[in-house]
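Asks: Below are the sequence and a predicted model; questions follow.
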Amino acid sequence: MLGSIRQRISWLAATLFFGFQIRFDFLGILDPTYKAQFQQDSDSLVVDLMLNPGSALFPQLGGVERNYASQFGLQGMVMNWLSPGDHFYEALRLTTSMLTGAVFAAAVIAVWRAWGGRAASVLFALLAISFWTNGFGASTYWQLWTLLLPTLVPLLVWPHLGSGRRKWLRGGAIIAGLVFLKCLCGYEFISTVLLGVAAAVGFHEFRGRIDRRLLSRLVLAMATGLVGFVLAVGVHVAQLMAKYGDASIIRTRMFERTVSPSDAAEMLVWARGVDDPLWGWLVQGDSMLGLWAFQLVHYLTNPAVAIPAPEGTGFGLAAYGIPIWAFVVVFALIAGQAVRGRQEDAAVQRRLALSAGIALAGGMSWLVLAYGHMIHHAHMDSIVFYLPFLPLVFAMIALRVQTISHRAWPTRSDAAVEEAAPRRTWPRHEAAAPVLPGPRADDRQPVAQGAG
């Protein structure tokens, strides 16, 4: 997965960079006060467990006093086992940031191997200035890396799992295990995570058109993830039955976060208080659909990336951020060009466009299905667009920059690469493909060999 010594060292260096940036934000992506307070309420569930776990072997989030029973709470249990009280909490928070950094670094190195250093540099920069991952990545409750792994790992290993039933048994076990791990740390965004799995598998299974064969494989990939979800619920039910003799809190919480939010009226009043001159008309009536649309608009106008503003520059919170909707537009433009096959990288971009489209549907799925969660969590649910729609769009942008830059400023080796065997940037056969493969022989549009 990390082939050469140089790439391994680069992965380690990138992990440290991303990890420290997520934990301490030395680039100034977030306002320092906002960064310090981000998700303190959620993280306090972990801290309270560490301070007062009680005598149970598998204590619940919140500890004895709060008993947050609607999650299994694996993250809190592990930190409680590793730390006497909260003495090592800050070290564990840095470890959490490093784990997210390791995921980002693995993606960057994979792009470097597949497409080249220029594409990797663009992806590195966009991930470094991502807004919401900077907040979530250091959270001991959310454990962002567990949300990203069910997409990243299949994307990296799928071509190396063999073929036929063997591939699906291995891949299915990996997917189910990663979703199981994520759900033991929380059920939030599960529909987005499952469609993220489909996005990763779809990248490798795409054969130039969307047909029954492809759709069946996407469904199968999601079904294996659903197995992991069901197993996690089963473990959670066993925990609750052993402690309380009743697991109804799971059902109650599910309806609260989906179709029957108890605080919808209060959220409608809050939305009117925002006094939005452009979109305020959506919440002037009593329509719950209007409230949903109002929140959705603000999710899409939240920043996806923010221009670095280290302390002392005088810039405020996301003063120069680029909104999420702008990357939706970029996705549509690059995908449209890829479908028409007008660029050298069109075949690979079609794969990325398919994956990003599935991932966008995944982000929207949570905002639709988890209505109760969506209307109440305007301060955080924008993260669904990173699981993994935005990283995939970042990859599309990185690949386009790589293609254009090599056309305008070719490297010294480009001519030699044209004449000799093509480098691994655009492999024509899956057997020779790197982690993120280029087009197969049966893709509709061939790609010019030797394009860097």
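Replies: Arrived safely.
Asks: From here on, just use CA atoms for contacts and neighbour counts.
Replies: Will do.
Asks: which SSE is the closest residue to residue 353 other than its chain neighbours in?
Replies: Setting aside the residues directly before and after it, residue 353 is nearest to residue 335 in space (C-alpha to C-alpha, 6 or more residues apart in numbering), at 5.3 Å. When secondary structure is defined by DSSP states H and E, residue 335 falls within helix 324-340.
Asks: And the strands in this structure?
Replies: When assigned using DSSP state E, the strands of the chain occupy the ranges 303-306, 321-323.
Asks: Quick one: low-confidence residue ranges for the protein.
Replies: Across the chain, the stretches falling below the confidence threshold (pLDDT under 70) are 1-3, 310-319, 411-452.
Asks: Please name the residues that touch the most centrally placed residue in it.
Replies: Centrality entry for the chain: nearest residue to the mean C-alpha point is residue 387, 2.7 Å, by C-alpha atoms, centre = their mean. Contact criterion C-alpha atoms under 8 Å, 6 or more residues apart in numbering gives 147-148, 151, 192-193, 196, 359, 362-363 as the residues in contact with residue 387.
Asks: Filter those down to just the buried residues.
Replies: Using 16 or more other C-alpha atoms under 10 Å as the burial test, the contacts of residue 387 include 147-148, 151, 192-193, 196, 359, 362-363 as buried.
Asks: if we can go back for a sec, which of the strands of the chain sits most buried?
Replies: Each of those was given a mean neighbour count from mean count of other C-alpha atoms under 10 Å, and the largest, a mean of 24, is that of strand 303-306.
Asks: who touches that one?
Replies: Strand 303-306 is contacted from outside by 29, 126, 129-132, 318-324, 327, 390, using C-alpha under 8 Å, 6+ apart.
Asks: can you rerun that using 7 Å?
Replies: Under the criterion C-alpha atoms under 7 Å, 6 or more residues apart in numbering, residues 29, 129-131, 318, 320-324 lie in contact with strand 303-306.
Asks: want to try JSON lines for those residues, with distance to residue 156 as columns?
Replies: Converted to JSON lines, these look like this (distance: C-alpha to C-alpha, whole Å):
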{"residue": "29", "distance to residue 156": "28"}
{"residue": "129", "distance to residue 156": "23"}
{"residue": "130", "distance to residue 156": "22"}
{"residue": "131", "distance to residue 156": "25"}
{"residue": "318", "distance to residue 156": "32"}
{"residue": "320", "distance to residue 156": "33"}
{"residue": "321", "distance to residue 156": "30"}
{"residue": "322", "distance to residue 156": "29"}
{"residue": "323", "distance to residue 156": "28"}
{"residue": "324", "distance to residue 156": "26"}
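Asks: which of those tops the neighbour count?
Replies: If you count neighbours using other C-alpha atoms under 10 Å, the busiest of the contacts of strand 303-306 is residue 29, which has 30 neighbours.
Asks: That one and residue 128, how far apart?
Replies: Using C-alpha to C-alpha, to the nearest Å, residue 29 is found at 9 Å from residue 128.
Asks: how far away is the residue nearest to residue 296 when sequence neighbours are not counted from residue 107?
Replies: Distances taken as C-alpha to C-alpha, 6+ apart place residue 367 nearest to residue 296, at 7.7 Å, with adjacent residues excluded. Plainly put, residue 367 is 26 Å away from residue 107 if you go by C-alpha to C-alpha.
Asks: Next: residue 59.
Replies: Noted for residue 59: a distance of 34 Å to residue 107, by C-alpha to C-alpha.
Asks: try residue 379
Replies: 27 Å.
Asks: Same drill for the two, tell me which one is more crowded.
Replies: Each of residue 379 and residue 107 had its neighbours counted (other C-alpha under 10 Å), and the higher figure belongs to residue 107 (24 against 15).
Asks: now the residue nearest to that one when sequence neighbours are not counted: how far from residue 344?
Replies: Nearest in space to residue 107, with sequence neighbours left out and distances taken as C-alpha to C-alpha, 6+ apart, is residue 152 at 7.4 Å. According to C-alpha to C-alpha, residue 152 and residue 344 sit 25 Å apart.
Asks: Dihedrals phi and psi, residue 69?
Replies: For residue 69, the backbone dihedrals are phi -90, psi 0 (criterion: degrees, to the nearest 10).
Asks: need the contact list for it.
Replies: Applying C-alpha under 7 Å, 6+ apart, we find residue 69 in contact with residue 60.
Asks: can you map out the helices along the stretch 101-250 of the chain?
Replies: Listed in chain order, the helices of the stretch 101-250 of the chain (DSSP state H, counting those that start in this stretch) span residues 117-128, 131-136, 144-157, 164-184, 190-205, 212-244, 248-257.
Asks: I would like the residues contacting stretch 169-185, please.
Replies: Residues from elsewhere that reach stretch 169-185, judged by C-alpha under 7 Å, 6+ apart: 72-75, 146-147, 149-150, 158, 161, 221, 224-225, 227-229, 231-232.
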